[in-house]
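A.B. asks: Give the three-dimensional model of this entry:
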Amino acid sequence: MIQKALVCAVLVSLSCTAQNKTKAAPIQKYLATITQADLKKHLTIVASDEMEGRDTGTEGQKKAGRYLIEQYKKNGISFPDGATDYYQKVPAEFMKSNYGPKLNDSENIWAFIKGTEKPDEILVISAHYDHVGVKNGDVYNGADDDGSGTVALLEIAQAFQLAKKQGHGPKRSILILHVTGEEHGLHGSRFYAKNPLFPLKNTIADINIDMIGRRDFDHPKTNNYVYVIGADRLSSQLHDITVAANEKYTKLDLDFKYNDKTDPNHFYERSDHYNFAKNGIPSVFLFNGVHEDYHKKTDEVSKIEFDALAKRTQLAFAMAWELANRPERIVVDKPLQ
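C.D. replies: Numbering: from 1, shown residues only. So this is what the prediction gives:
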């Protein structure tokens, strides 16, 4: 009963944000700009053979990165204040490990929408844009992993930028962060956490999107779900905002199976949000689960369910809208675990 009351309170907050704080800016208007067609257009390029599987530090990955930057430039979205371009260089030396292959220098890619009222408070929305490259002559395109999250970031950014152009920009700043080296050990997010452009104490949350374009073995009859991992680990409010945003706007089945601390898969520790969470930043990971094409050459655009990809992207946007516009930043009311 207490939990339901909390969710209801957040629903009221969401309603007030939509009606009072942004009277002329109904969130639905911007949610509607996140479309299956645009997601497919971008993913068909990002997860094409031309990108050579986007392995960390390869020319194919760099080509994919250039495409992302072109989209931000087209939408008038700049790189962050304090940066000189869209790249955060991640040196090969930083990514050295005893168990993985030798990697070339690579880059995180960032874009930025400056807040209108609290620009020094930063909401990060992240996804990794690397995949596993070419194996035995076969290109592993990684359409779901994590082409889906990569193009979701493009759509979320354009929606916020449109809102800003129309006088309804987010109150807090939004850092769009495409990280590298995830497949080799979460290197890009680890590098950002150790070398943040903005003080970590000013980072209010991370919404991490990794694989949201398919259905998994446990949901053979529906794609109207998403796994939510980590939202309640550091902040009860992040969990409540996630639930309330979904109830109000997207009505997905939120599956918390992998949020269980005893989950043998340890998904909480296996994507880029974890490097934010380890630093005390409330973080949530949106995920569709593992399917038969995970880390196989058959993870192709033709198998993406774009209705699910669009709806899950819209959920991430709705969560970000509330986090960026609520009167106070969310609390950290739980200890590091």
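A.B. asks: Format the CA atom coordinates belonging to the strand ranked longest in the chain as PDB.
C.D. replies: Identified as the longest strand of the chain according to DSSP state E is strand 118-128. What follows is strand 118-128, C-alpha atoms only, in PDB (Å, rounded to 0.1, in the frame of the first residue of the first chain):
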ATOM      1  CA  LYS A 118      19.500  24.500 -13.500                       C
ATOM      2  CA  PRO A 119      22.100  24.000 -16.200                       C
ATOM      3  CA  ASP A 120      24.700  22.700 -13.800                       C
ATOM      4  CA  GLU A 121      22.600  19.700 -12.800                       C
ATOM      5  CA  ILE A 122      23.200  17.000 -15.400                       C
ATOM      6  CA  LEU A 123      21.000  14.100 -16.500                       C
ATOM      7  CA  VAL A 124      23.000  11.500 -18.400                       C
ATOM      8  CA  ILE A 125      21.300   9.300 -21.000                       C
ATOM      9  CA  SER A 126      23.700   6.600 -22.200                       C
ATOM     10  CA  ALA A 127      24.000   3.700 -24.600                       C
ATOM     11  CA  HIS A 128      27.100   1.900 -26.100                       C
END
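A.B. asks: Can you name the secondary structure element that comes next after it?
C.D. replies: Using DSSP states H and E, the next helix or strand after strand 118-128 towards the C-terminus is strand 134-135.
A.B. asks: Name the strands paired with that following strand and say parallel or antiparallel.
C.D. replies: strand 138-139 (antiparallel) (DSSP bridges).
A.B. asks: Show me what counts as buried in the longest strand of the chain.
C.D. replies: 118-119, 121-128 (16 or more other CB atoms under 10 Å). Backbone N, C-alpha and C define where each C-beta goes, glycine included.
A.B. asks: same thing with stretch 306-318?
C.D. replies: Result for stretch 306-318 [16+ other CB under 10 Å]: buried residues 306, 308-318.
A.B. asks: Measure how far it is from the centre of its chain, please.
C.D. replies: Centre-to-centre, stretch 306-318 and its host chain are 11 Å apart (CA atoms, centre = their mean, to the nearest Å).
A.B. asks: What of stretch 159-166?
C.D. replies: That offset, for stretch 159-166, works out to 18 Å (CA atoms, centre = their mean).
A.B. asks: Show residues contacting it.
C.D. replies: Contact partners of stretch 159-166, identified using CB atoms under 8 Å, 6 or more residues apart in numbering, comprise 25, 30-31, 33-34, 75-77, 113, 116, 169-170, 174, 317, 320, 324.
A.B. asks: how many neighbours does residue 255 have?
C.D. replies: 18 (other CB atoms under 10 Å).
A.B. asks: Kindly report the same for residue 234.
C.D. replies: 25.
A.B. asks: so who does it touch?
C.D. replies: 277, 280-283, 332-334, 336.
A.B. asks: Check residue 108 too.
C.D. replies: Residue 108 is in contact with 87-88, 90, 177-180, 188, 191-192, counting by CB under 8 Å, 6+ apart.
A.B. asks: returning to what we had before: okay, now the sheet partners of the longest strand of the chain, with direction.
C.D. replies: When DSSP bridges is applied, strand 118-128 pairs with strand 172-179 (parallel), strand 203-209 (parallel).
A.B. asks: any chance of these in a markdown table, with mean neighbour count and distance to residue 150 too?
C.D. replies: Output for the strands paired with strand 118-128, formatted as a markdown table (neighbours: other CB atoms under 10 Å; distance: least, CB to CB, whole Å):
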| stretch | mean neighbour count | distance to residue 150 |
| --- | --- | --- |
| strand 172-179 | 26 | 6 |
| strand 203-209 | 27 | 9 |
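A.B. asks: need those in a markdown table with mean pLDDT and distance to residue 271, can you?
C.D. replies: Output for those, formatted as a markdown table (pLDDT from 0 to 100; distance: least, CB to CB, whole Å):
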| stretch | mean pLDDT | distance to residue 271 |
| --- | --- | --- |
| strand 172-179 | 98 | 10 |
| strand 203-209 | 98 | 6 |
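A.B. asks: Next, format these as a markdown table and append distance to residue 107.
C.D. replies: A markdown table is the format used below for those (distance: least, CB to CB, whole Å):
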| stretch | distance to residue 107 |
| --- | --- |
| strand 172-179 | 9 |
| strand 203-209 | 18 |
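A.B. asks: quick one: which of the contacts of residue 108 sit in strands?
C.D. replies: Reading strands off the contacts of residue 108 with DSSP E, I get 87-88, 90, 177-179.
A.B. asks: what's the closest of the residues you listed to residue 49?
C.D. replies: Distance to residue 49 across those (CB to CB) is lowest for residue 178, with 20.2 Å.
A.B. asks: what pairs with that closest one across the strands?
C.D. replies: In this entry, residue 178 is beta-bridged to residue 109, residue 127, by DSSP bridges.
A.B. asks: hang on, it packs against residue 124?
C.D. replies: No: between residue 178 and residue 124 there is no contact, the gap being 11.2 Å when judged by CB atoms under 8 Å.
A.B. asks: OK, contacts around the residue nearest to residue 149 when sequence neighbours are not counted?
C.D. replies: What sits nearest to residue 149 in space, not counting adjacent residues and going by CB to CB, 6 or more residues apart in numbering, is residue 127, at 3.2 Å. By CB under 8 Å, 6+ apart, the contact list for residue 127 reads 146, 149-150, 152-153, 177-179, 208-210, 272.
A.B. asks: same question, residue 154
C.D. replies: So residue 154 contacts 38, 42, 68, 71-72 (CB under 8 Å, 6+ apart).
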